[in-house]
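Output the structure for:
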Amino acid sequence: MAKIVSLAEAISENVRDGDTVAMEGFTHLIPYAAGHEVIRQGRKDLFLVRMTPDILYDQLIGVGAARGMKFSWGGNPGVGSLHRFRDAVENQWPRPLEIEEHSHAAMANAYEAGAANLPFAMLRGYIGADLPKVNANIKSVTCPFTSEVLAAVPAIRPDVTIIHAQRADRKGNVLIEGIVGVQKEAVLAAKRSIVTVEEIVDELAPPSPNSVVLPSWAVTAVSHVPGGAFPSYAHGYYPRSNAFYIGWDDIARDRDSFSAWIKENVLDAGPKDFARHAGGKPAKAA
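Numbers count the residues shown, from 1 in each chain. Now for the predicted structure:
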């Protein structure tokens, strides 16, 4: 059953050096505040998993917290490259980074397999693609009923999944609204899970048609972190800060400016300090 704890306590108790960590969120509800707490607590040797890693994973890679990443697309949405990611792959700075690239469909199916406690996922994919030539974890399997050859990938079973959501009740049940990606599957596939939320309420309102309710028994820890998805947006709470994403390109392009930004805005700050920007412009990124 979920415990309602501070963000610092949630990370301290559930994210360990060497863990496989998924921080999911699609376009909005990206768990930035939680990712920054992972950086502040100095976690190392993490294997990061995310369908669409953007600037949060750029930050984790840039501080040397990651030993590897499994992903299906990586970039600064609408802007360009992830410069810290590229520096790690091309120049091994601040450390070498193992990468495992997949298609979106393979990642989604792998999370689904993990949530169902299956060892691998099957899909009609990778036909004529080159990724199987460079990724040993893309294999094939023959259907015993039709003899059709299908692609197969290992299930994703994170040690810990971290997501952001709109609301949780005091029992730890979580409501996600708006565009929903693979957050539900990523939580159900994980050994442990942390959910940061905009609000903690006495009772969850009846869900909208496109909402997901994660029951308390599926969640390890819930933390009240208003603004915890900024600079991404939280549907119904604050908009995306396009200025941040644009500004990040210059900040992350240079190692020194990146390190200075991390020190000022993450290491020397806290969740409440960073969340104050929600709906506005982030420090030094406008």
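
Which residue ranges of the chain form helices?
Taking DSSP state H as the criterion, the chain carries its helices at 7-14, 32-40, 55-62, 83-91, 104-115, 131-134, 183-189, 242-253, 255-262, 271-275.

Of the ones you listed, which is nearest S223?
helix 7-14 (4.3 Å; C-beta to C-beta). C-beta: built from backbone N, CA, C; applies to glycine.

Tell me which residues are up against that closest one.
5, 33-34, 37-38, 41, 43, 160, 192-194, 196, 220-223, 225, 228, 271 (C-beta atoms under 8 Å, 6 or more residues apart in numbering).

Show the contacting residues for I61.
I61 neighbours (C-beta under 8 Å, 6+ apart): 48, 69, 82, 84-85, 88, 97.

Using the record's domain definitions, break this protein down for me.
3-101+157-275, 104-154 (automatic domain parsing).

Turn the contacts of I61 into CSV, including distance to I176, neighbour count and pLDDT.
Below are the contacts of I61 laid out as CSV (distance: C-beta to C-beta, whole Å; neighbours: other C-beta atoms under 10 Å; pLDDT from 0 to 100):
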residue, distance to I176, neighbour count, pLDDT
L48, 21, 25, 98
M69, 24, 23, 98
L82, 25, 24, 98
R84, 28, 28, 98
F85, 27, 26, 98
A88, 31, 24, 98
L97, 30, 21, 98
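
ok, back up a step: just name the most buried of the domains of the chain.
domain 3-101+157-275 (a mean of 20; mean count of other C-beta atoms under 10 Å).

Which of the contacts of I61 sits closest to G114?
Nearest to G114 among these is L48, at 15.5 Å by C-beta to C-beta.

With distance to A205 added, can I get the helices of the chain in JSON lines?
Formatted as JSON lines, these follow (distance: least, C-beta to C-beta, whole Å):
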{"stretch": "helix 7-14", "distance to A205": "24"}
{"stretch": "helix 32-40", "distance to A205": "24"}
{"stretch": "helix 55-62", "distance to A205": "29"}
{"stretch": "helix 83-91", "distance to A205": "39"}
{"stretch": "helix 104-115", "distance to A205": "25"}
{"stretch": "helix 131-134", "distance to A205": "43"}
{"stretch": "helix 183-189", "distance to A205": "18"}
{"stretch": "helix 242-253", "distance to A205": "30"}
{"stretch": "helix 255-262", "distance to A205": "38"}
{"stretch": "helix 271-275", "distance to A205": "23"}
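
which stretch among those comes nearest S208?
Closest approach to S208 among the helices of the chain is made by helix 183-189 (15.1 Å; C-beta to C-beta).

Name the residues that touch that closest one?
Applying C-beta under 8 Å, 6+ apart, the set of residues contacting helix 183-189 is 22, 24-26, 29, 108, 111-115, 155-158, 161, 163, 165, 176, 193, 195, 212, 214, 218-219.

Sort out for me which of those residues are in strands.
With DSSP state E as the criterion, strands contain 22, 161, 163, 165, 176, 193, 195, 212, 214 from among the contacts of helix 183-189.

what's the fourth one in contact with, if anything?
Under the criterion of C-beta under 8 Å, 6+ apart, the contact partners of A165 comprise 29, 174-176, 183, 195-198, 214.

Can you tell me, leaving aside adjacent residues, what's nearest to it?
Spatial nearest neighbour of A165, chain neighbours left out: I176 (4.6 Å); criterion: C-beta to C-beta, 6 or more residues apart in numbering.

And the one you found, how far from D159?
Distance, I176 to D159, using C-beta to C-beta, to the nearest Å: 22 Å.

same check, this time on I179
According to C-beta to C-beta, I179 and D159 sit 26 Å apart.
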